[in-house]
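K.L.:
Provided below for reference: sequence and predicted model.
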Amino acid sequence: MQKISVRGGKVLKGTVEISGSKNATLPVMTAVLLGESPSILRNVPHLNDVKTMTDVLTKLGANAVLDDHTLKVDPAGFNQFEAPYELVKTMRASIYSLGACLARLGEAKVSLPGGCAIGARPIDLHLKGVEQLGAKVTIQHGYVHAVASKLKGANIYLAGPHGPSLGATVNVVLAATAAEGTTVIDAASTEPEVEDLVNCLIAMGAQIEGNGTSKLVIHGKKPLKGVDYSVIPDRVEAGTFMVAAAITRGNVLLKKANAHQLGAVIEKLRQIGVTVDETSEGIRVVGSGEYKPADVMILPYPGFPTDMQAQIMALLATVPGNSIVTETIWENRFMHVFEMNRMGADITIDRSHAVVKGVKQLTGAPVMASDLRASAALILAGLVADGETLVQRIYHLDRGYEKIEEKLSALGADIKRIS
Ligand code: EPZ
């Protein structure tokens with residue numbers, strides 16, 4: 001089993017290039033299944049989740065080949081409608097095959113994803129959405145089976161108890177492109193990854209209004225063609241490197257990072273005392289010796305993202321004073337707290353709040369990663385901890401960060417992967 005070893009104390013300096021977005025690549029990979037000709041996707045990151053989605057596409061009969069950061073997808077053979085348990089249990093985003101299969105084949109059979117380390121992760125909104133488009137949905141033997149002889153446009157309100165759903169919006173948008181008439185999605189997710197999906201579909205010939213807003217209007221049944229499309233940069237990877245620069249009091253230029261998609265993170269870092277400047281090449285982050293504590297409320301986009309909660313907590317754990325981090329999206333996303341406390345942090349959990357009392361010095365320790373962003377946060381803590389931090393279960397990390405240890409090492413971190 002591989003581990004990451006980090007020895008703290010190095011100040012990060014230099015330039016890092018931000019990779020393509022994982023969470024934008026996965027929906028776009030399913031969208032191009034709907035084209036009548038092959039597509040080329042560029043800026044595709046080398047990640048295990050992208051590999052799993054390639055396996056999903058292959059299972060559905062399409063041909064997908066990744067060469068360097070360019071993915072060629074030929075949907076000509078797309079005639080299978082089942083995403084099996086083996087793939088869905090590896091990656092929940094396999095659920096996007098529900099919308100794509102319904103749109104193209106009128107039938108989808110997808111293993112129910114179940115919960116994971118960060119929460120229950122229901123899919124009721126996905127199912128409600130496709131049912132309102134006319135699909136008949138049954139659940140049996142752990143699989144969702146959806147059939148639609150004809151999809152018909154509908155008015156769909158898509159928010160759940162914690163706000164809009166990125167995944168449900170993806171599935172409903174995909175299915176609605178094949179529905180007769182107009183679909184209006186209210187309370188659609190406005191996350192940049194949904195915007196990127198819609199941009200890709202528009203480039204394929206779809207007629208969609210309101211992109212980037214919470215009201216999407218989709219005029220279905222337009223013929224979709226293959227596309228040559230470049231995926232947006234990964235805002236969570238960018239945010240993670242911003243915290244890496246801040247926590248080590250470094251000076252790092254994040255090439256290709258898009259400040260417009262990171263407003264809440266930039267604002268919070270500035271409030272803490274970090275200098276963040278937008279440049280023509282990306283974002284420059286300069287750390288200082290003087291930081292102030294800050295409260296962080298996780299909210300749906302454009303609020304502070306849940307996918308940056310663990311990372312900002314690593315920074316706040318090192319800032320003297322009290323900070324409160326409130327998680328409102330995933331009910332169980334505090335697993336990293338226990339590991340950070342093993343590194344000398346002083347964090348207590350009170351329901352959805354984490355009370356972070358900043359300490360002067362973290363100490364390296366063997367720690368266990370519970371999910372993707374928790375893994376990154378433990379590495380961030382390790383960058384300033386005294387001695388060695390050994391992060392275990394890094395298979396989570398390889399799902400969503402391209403060459404993170406190589407990128408950090410190039411900035412001066414003392415970090416290596418060990419078998
Ligand atoms: C996406 O998950 C991301 N994953 C997550 O990133 C991210 O944390 C999340 O959006 C929120 O930004 C991918 O893009 C692959 P949701 P998704 O549906 O789509 C509730 C990472 O680290 N909900 O927007 O599964 C749900 O319980 C991952 O890269 C329902 O109630 O998230 C949650 O509270 C982790 N019913 C809220 O909505 C539903 O049917 C938002 O979930 C669906 C969701």
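P.N.:
Right, received. Where do you want to start? Keep in mind that what you see is a predicted model, and the values were worked out from it rather than measured.
K.L.:
would you mind naming what in the chain lies close to the ligand?
P.N.:
Taking CB under 6 Å from any ligand atom as the contact definition, the chain meets the ligand at 23, 26, 93, 119, 121-126, 160-162, 165-168, 189, 191, 193, 306-307, 329, 372-373, 400. (Each C-beta comes from the backbone N, C-alpha and C, glycine too.)
K.L.:
report the buried members of these.
P.N.:
Buried members of the residues of the chain next to the ligand, scored by 16 or more other CB atoms under 10 Å, are 23, 26, 93, 121-123, 125-126, 165-168, 189, 191, 193, 306-307, 329, 372-373, 400.
K.L.:
Gln261 versus the spatially closest residue to Glu388 that is not a sequence neighbour, what's the distance?
P.N.:
Once flanking residues are discounted, Glu388 sits nearest to Gly364: 4.5 Å by CB to CB, 6 or more residues apart in numbering. Relative to Gln261, Gly364 is positioned 33 Å away (CB to CB, to the nearest Å).
K.L.:
for those two, indicate the residue with more neighbours.
P.N.:
Legend: neighbour count by other CB atoms under 10 Å for Gly364 and Gln261, higher for Gln261 (25 against 21).
K.L.:
so what's that one up against?
P.N.:
192, 232, 235 (CB atoms under 8 Å, 6 or more residues apart in numbering).
K.L.:
tell me the mean pLDDT for stretch 244-253?
P.N.:
The average pLDDT for stretch 244-253 rounds to 98.
K.L.:
ok so, going back, turn the contacts of Gln261 into JSON lines, columns for secondary structure, neighbour count and pLDDT.
P.N.:
Compiled in JSON lines, the contacts of Gln261 are given as follows (DSSP: H, G, I helix; E, B strand; the rest coil; neighbours: other CB atoms under 10 Å; pLDDT from 0 to 100):
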{"residue": "Pro192", "secondary structure": "helix", "neighbour count": "23", "pLDDT": "98"}
{"residue": "Ile232", "secondary structure": "coil", "neighbour count": "21", "pLDDT": "98"}
{"residue": "Arg235", "secondary structure": "helix", "neighbour count": "26", "pLDDT": "98"}
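K.L.:
what number of residues lie near Ala146?
P.N.:
Look at Ala146: counted by other CB under 10 Å, it has 26 neighbours.
K.L.:
swap that for Lys215, please
P.N.:
12.
K.L.:
again with Val285
P.N.:
By other CB under 10 Å, neighbour count at Val285 equals 25.
K.L.:
again, but for Leu98
P.N.:
31.
K.L.:
measure it to the ligand for me?
P.N.:
11 Å (CB to the nearest ligand atom, to the nearest Å).
K.L.:
just the element for that residue, please.
P.N.:
Assigned by DSSP states H and E, Leu98 belongs to helix 97-105.
K.L.:
same for that helix, what does it pack against?
P.N.:
helix 22-31, strand 82-83, strand 107-111, helix 124-132, strand 143-147, helix 166-176 (3 or more CB pairs under 8 Å, 6 or more residues apart in numbering; DSSP states H and E).
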